[in-house]
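# give me coordinates for this.
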Amino acid sequence: MRNQPPYQHSFQAALETAYEGFVVDIDRNDGDKDSSGSYLVDHNGGPSLRNVTIQEALEHMNKVEFFRVDVTQPFGLGTQCAKTYVTRCLVGAWGTTYKYLGLRMFAHLWHNHDPQHAHNRKDVAALQTVGTLKEILTAQTRRHLRRLDQLRRDRGAPGTTGRAAFDICLINRMDPTAPNLKAFLPNSKEKCSVSWHADSSLEHHSTIAVYQTLIYHEDNGSDDSVQHNEPCSQDKAGWSVAMRVAHNSEGPQSKSRGSNIASTIITDTPSIAVSLPSGSTYYMLDDFNHHHQHAVLTNGHKSAGIRYSCTYRLLRDSHNVQYVLDRCRTTVANFHKKGSKTWRSEQLLLTDVESEWLRQFYIQGAKNRSLLWEVSKWSFFRDILRFLV
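Got it, this is the predicted structure:
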């Protein structure tokens, strides 16, 4: 169901009930000014960003090959591997990683504290733009959470419990003409760029904020295409975000549903789809990700433009390298102890470091390793080995 005749009333009712917690900030331009001339602003006195600056940063990152196709195991360990339909990269705070469908991604730093020794200052500047966008969206998230909390308490329901914070940004670059995209529904003209899912590995009740920008290229016969940043009108938008209700998809009670995710989908509630212009941000607040799944749809036409989605998330502590280093320190402190229990904990740590961290890092290729090593100056391997050798 979309916000189109004759379903506008039903669509609005669904947003206010079954899809409460989904909020949108739409980039509103003045007159004929396109999205490249507009700003994202932290109204509490924080930073501001031009949308065109974000686009330039993302396009630079694509040019130097930050974005890549990943190989995942969507149906679990030991099942068939599959390539992602999108290219993507991870940006975040020091030591952050993101485990997704069997693959652990390692974050490029969005704040490099030693930029004069960076491999490429343009790379660092692009990553810092992603970090500045995080600060703006954090302030906006805090505002939206206060509003949702008050709305719930006014009707006698429990308020929000999640905090407004992000430590990673997963950026997807989506091409509407990518090969092998599957139809969203039988006989549907829309295709799935990202299939139904709820975001995993996150701190419970944490908000997900997604900034999207669309970049259009004019085919002028040369390698350097011309960018057009004017957003499509709402009724002609080539990209949509679809949502459906699926209780305990993630969150504190997700283990209670077992492995049969399909059984949690509430078919009595209609799924909805929202088309948003370039420069918009949508938020899945508090526990929304626990009880909903979402997908990204495209019309499959080149005119839809390249979609970049910057998805800001807050991870559980176990996905930060600091968690592993703390385990290493504990293990080293117990080297003087003997017994099967101590030996077992040491072997489990060695297996985890090798399988979940070292192998996962190197399997993603030399180009990814060089970008992480030179630009972000990841040194956790040295730190881990210093404790174990």
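
# neighbours around the closest residue to Pro47 other than its chain neighbours, how many?
Using Cβ to Cβ, 6 or more residues apart in numbering and skipping residues adjacent in sequence, the residue nearest Pro47 is Thr132, 5.1 Å away. Quick note: C-beta positions are derived from backbone N, CA and C, even for glycine. Using other Cβ atoms under 10 Å, Thr132 has 20 neighbouring residues.

# same question, Cys192
Neighbour tally, Cys192, other Cβ under 10 Å: 18.

# the protein: helices as residue ranges?
8-16, 51-63, 121-154, 321-333, 340-352, 359-362, 366-371, 380-388 (DSSP state H).

# out of the ones you listed, nearest to Trp239?
Set against Trp239 and scored by Cβ to Cβ, those come closest in helix 51-63, at 15.2 Å.

# what comes up buried for that closest one?
Using 16 or more other Cβ atoms under 10 Å as the test for burial, helix 51-63 gives Asn51, Val52, Thr53, Ile54, Gln55, Glu56, Ala57, Leu58, Glu59, His60, Met61, Asn62.

# was I right about Ser10 contacting Asn3?
No - proximity of Ser10 to Asn3 does not meet the contact threshold set by Cβ atoms under 8 Å, at 9.5 Å.

# and Asp167, what is it in contact with?
Gly92, Ala93, Thr96, Arg313, Leu314, Leu315, Asn320 (Cβ atoms under 8 Å, 6 or more residues apart in numbering).

# ok, and the closest non-adjacent residue to Arg152?
Gly159 (5.2 Å).

# so what pLDDT did that neighbour get?
Predicted confidence (pLDDT) at Gly159: the value is 95.

# that one and Arg153 touch, don't they?
Yes - Gly159 lies in contact with Arg153 (Cβ under 8 Å); the separation is 5.0 Å.

# and the protein, what are its domains?
Domain ranges of the chain: 8-318, 321-388, per automatic domain parsing.

# okay, the ones you listed, which one's buried deepest?
domain 8-318 (a mean of 17; mean count of other Cβ atoms under 10 Å).

# start to end distance for that domain?
Domain 8-318 stretches 43 Å from its first residue to its last (Cα to Cα, to the nearest Å).

# can you check stretch 159-167 too?
24 Å.

# and if you look at stretch 263-275?
Across stretch 263-275, the terminal residues are separated by 28 Å (Cα to Cα).

# pop out the phi and psi values for His247.
Main-chain dihedrals, His247, degrees, to the nearest 10: phi -60, psi 140.

# contact partners for it?
By Cβ under 8 Å, 6+ apart, the contact set of His247 is Arg257, Thr264, Ile266, His290, His291.

# what's the longest strand in the chain?
strand 208-218 (DSSP state E).

# where's it relative to the chain centroid, distance-wise?
Put simply, strand 208-218 sits 13 Å off its chain's centre (Cα atoms, centre = their mean, to the nearest Å).

# how about the strands in the stretch 151-300 of the chain?
Taking DSSP state E, counting those that start in this stretch to define them, one finds strands in the stretch 151-300 of the chain at 168-174, 182-183, 191-197, 208-218, 226-228, 239-245, 272-274, 280-284, 292-298.

# for the third one, packing partners?
In other words, strand 191-197. With contacts defined as 3 or more Cβ pairs under 8 Å, 6 or more residues apart in numbering; DSSP states H and E, strand 191-197 has these neighbours: strand 168-174, strand 182-183, strand 239-245, strand 292-298.

# from Pro176, how far off is Lys189?
The spacing between Lys189 and Pro176, counted by Cβ to Cβ, to the nearest Å, is 12 Å.

# which neighbours do those two have in common?
Shared contacts of Lys189 and Pro176, defined by Cβ under 8 Å, 6+ apart, are found at Asn299, Gly300.

# residues contacting the one residue sitting closest to the centre of the chain?
The centroid of the chain falls nearest to Thr311 when counting by Cα atoms, centre = their mean (3.0 Å). Each residue near Thr311 by Cβ under 8 Å, 6+ apart is listed here: Cys169, Leu170, Ile171, Asn172, Asp199, Ile208, Ala209, Val210.

# Ala57 too?
The neighbours of Ala57, taking Cβ under 8 Å, 6+ apart as the test, are Ala125, Ala126, Leu127, Thr129, Val130.
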